[in-house]
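Participant: how would this look folded up:
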Amino acid sequence: MAEGSPRFVPDVGPTGGTALGNSYLSTWANCPREWFNLYYRPIIGYDENDKEVIRRGIQLPTTATPLINGRIFHEAIGEWYNSGVRDGDDTGERSVEKAIDMARTHWTRAAGMNEYGGGAEESEESWRLLEQMIRDYHNDFGPDSMEPEFPEIRVVCDDQGQPLIEREWVAPLKPGYNYTCRTDLIVTYRGNLMTMEHKSATRSSARMMLNSLATASQFTGEYWILSEIFPEEVLSGVL
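Facilitator: As a prediction, the model looks like this:
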């Protein structure tokens, strides 16, 4: 493809098609300039042999703290649900301590790689917030809460008995182009098969986020790809 072409897409992967996810596509739709800087802008670098190479996209040295927190919270909640699965069945047990251990592992890695722009003070404040978020989630929805999720919400397992938590899915759009997504988990909600997602937001932006979810491209794309992969299943939507 010609250099500078706006049709630039990521390299073809092992599935034989180009992987296009919601973030990649929505970035282009919202701001082509941001898309260019994030995915395509040529940056001269050097490999392990000091040979000059051209890489694509600007990688910032730090990550916005809300993005780090959202990423780590997802990993922790995935472990929270995973802790209750036994022999291909969801028992309803949920371990907040396992979730916190998972969060600490990812937080330690982020802090060690200096992802936090504000240094140690910002990373420590981030950890306090993350631990509180996880404990609040457990206290609100865990087995000993006033309104426990289980058994209304049950984690679904695959044919090998593995929980469908943080799975990546790929489906062809057309020859040479694949659509991809990663779901938080697949559940049954009151007996209905659904995909379940978690979104984090500041208090000031929560209402705006909630109002936009019904038409969010992430969820419509997620619903489409799972319907393509499991055409024999009745998917009731995104929870």
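
Participant: The least confident helix or strand in the chain by mean pLDDT - contacts with which helices or strands?
Facilitator: Sorting the helices and strands of the chain by mean pLDDT, DSSP states H and E puts strand 18-21 at the bottom, at a mean of 75. Here strand 18-21 touches strand 177-189, going by 3 or more CB pairs under 8 Å, 6 or more residues apart in numbering; DSSP states H and E. In short, each C-beta sits where N, CA and C put it, glycine included.

Participant: Could you state which residue of this structure sits nearest its centroid?
Facilitator: Nearest to the geometric centre of the chain sits residue 182, at 5.9 Å (CA atoms, centre = their mean).

Participant: for that residue, what are its contacts?
Facilitator: By CB atoms under 8 Å, 6 or more residues apart in numbering, residue 182 lies in contact with 166-169.

Participant: Longest helix in the chain, by number of residues?
Facilitator: Taking DSSP state H as the assignment, the helix of the chain that covers the most residues is helix 119-141.

Participant: and that helix, what other elements does it pack with?
Facilitator: By 3+ CB pairs under 8 Å, 6+ apart, helix 119-141 packs against helix 65-82, helix 96-112.

Participant: show me where pLDDT drops low in the protein?
Facilitator: Filtered on pLDDT under 70, the chain yields the residue ranges 1-18.

Participant: Show the end-to-end separation of stretch 179-198, please.
Facilitator: Its first and final residues considered, stretch 179-198 spans 21 Å by CA to CA, to the nearest Å.

Participant: List the buried residues in it.
Facilitator: Of all the residues in stretch 179-198, those buried under the rule 16 or more other CB atoms under 10 Å are 179-181, 183-188, 193-197.

Participant: now do stretch 81-96
Facilitator: In stretch 81-96, counting by 16+ other CB under 10 Å, buried: 81-85, 90, 92, 94-96.

Participant: Run through who's touching it.
Facilitator: Contacts with stretch 81-96, where a contact means CB under 8 Å, 6+ apart, come from 79-80, 98-99, 134-135, 138, 142-143, 148, 150-151, 154-157, 160-163, 165, 185.

Participant: filter those to the buried ones?
Facilitator: Neighbour-count burial (16+ other CB under 10 Å) is assigned, among those, to 79-80, 99, 134, 138, 142, 150, 154-157, 163, 165, 185.

Participant: wait, which of the residues you listed is closest to residue 116?
Facilitator: Nearest to residue 116 among the buried ones among the contacts of stretch 81-96: residue 134, at 18.5 Å, using CB to CB.

Participant: contacting residues for that closest one?
Facilitator: 73, 76-77, 80, 96, 99-100, 103.

Participant: redo that, cut-off 10 Å
Facilitator: 72-73, 76-77, 79-80, 96-97, 99-100, 102-103 (CB atoms under 10 Å, 6 or more residues apart in numbering).

Participant: can you check residue 190 too?
Facilitator: Applying CB under 10 Å, 6+ apart to residue 190 gives the contacts 151-154, 236.

Participant: go again using 7 Å as the cut-off
Facilitator: For residue 190, the contact set (CB atoms under 7 Å, 6 or more residues apart in numbering) comprises residue 152.

Participant: what's the neighbour count on the closest residue to residue 72 other than its chain neighbours?
Facilitator: Counting by CB to CB, 6 or more residues apart in numbering, residue 72 lies nearest to residue 106, which is 4.6 Å off, once chain neighbours are set aside. Residue neighbour count, defined by other CB atoms under 10 Å, stands at 17 for residue 106.

Participant: Assess the claim that residue 106 and residue 73 are in contact.
Facilitator: No - applying CB atoms under 7 Å, one finds residue 106 not in contact with residue 73, separated by 9.5 Å.

Participant: where does residue 226 fall, helix, sheet strand or coil?
Facilitator: What DSSP: H, G, I helix; E, B strand; the rest coil gives for residue 226 is helix.
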